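Trainee: Quick one, fold the following:
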Amino acid sequence: MATSLKINGQMRDVQASEGTPLLWVIRDELKMTGTKFGCGVASCGACTVHVDGQPVRSCQTYVEDVEGAEITTIEAMSEDKIGAAIQQAWVELDVVQCGYCQSGQIMSAVGLLSENPKPSVEEIDEYMWGNACRCATYQRIRAGIQRASEILEA
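Mentor: Below is the predicted model of the structure:
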């Protein structure tokens, strides 16, 4: 089925069967590989993208359900004020270890700071729960979110 999707501010025509996860359209058809496949059941967060400004797991979001929505992937995060601050903080604090989960971590962190610009440690942990990191960089991710909050405040 032909579907038009607005991804990172551009209209894109895609061919996908009904029930195709958005993740596979992004990665396989549009060749945007920043969004990662992790678990396939929305439990790890590696596939997180934004749909109308809200973080969602693209492995369990079907392409027909997002037609007409604004979809944002990690590839466009440097254009977003919060996304740029998070990416700056990630670099400053050397948050990444292997990096596989980090696009999902960043997408969720942008969602958090969009809703709550000065989250407490507990609020960060609660919001980020469900974003798995096999390298266990959770303390660095938390510090990165706190640093991004400071960057945005300055």
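Trainee: Which elements pack onto the helix ranked longest in the chain?
Mentor: The single longest helix within the chain, with elements called by DSSP state H, is helix 138-153. Other helices and strands packing on helix 138-153, by 3 or more C-beta pairs under 8 Å, 6 or more residues apart in numbering; DSSP states H and E, are helix 81-92, helix 102-115, helix 121-128. C-beta coordinates here come from the backbone N, C-alpha and C atoms, glycine included.
Trainee: Can you give me the domain boundaries for this structure?
Mentor: If you go by automatic domain parsing, the domain ranges for the chain are 2-76, 80-153.
Trainee: export those domains to JSON lines and tack on mean pLDDT and mean neighbour count?
Mentor: Converted to JSON lines, the domains of the chain look like this (pLDDT from 0 to 100; neighbours: other C-beta atoms under 10 Å):
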{"stretch": "domain 2-76", "mean pLDDT": "96", "mean neighbour count": "18"}
{"stretch": "domain 80-153", "mean pLDDT": "97", "mean neighbour count": "18"}
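Trainee: what comes into contact with the longest helix of the chain?
Mentor: With contact meaning C-beta atoms under 8 Å, 6 or more residues apart in numbering, helix 138-153 is reached by 81-82, 85-86, 88-90, 92-95, 105, 109, 112-113, 117-119, 121, 124-125, 128, 131, 133.
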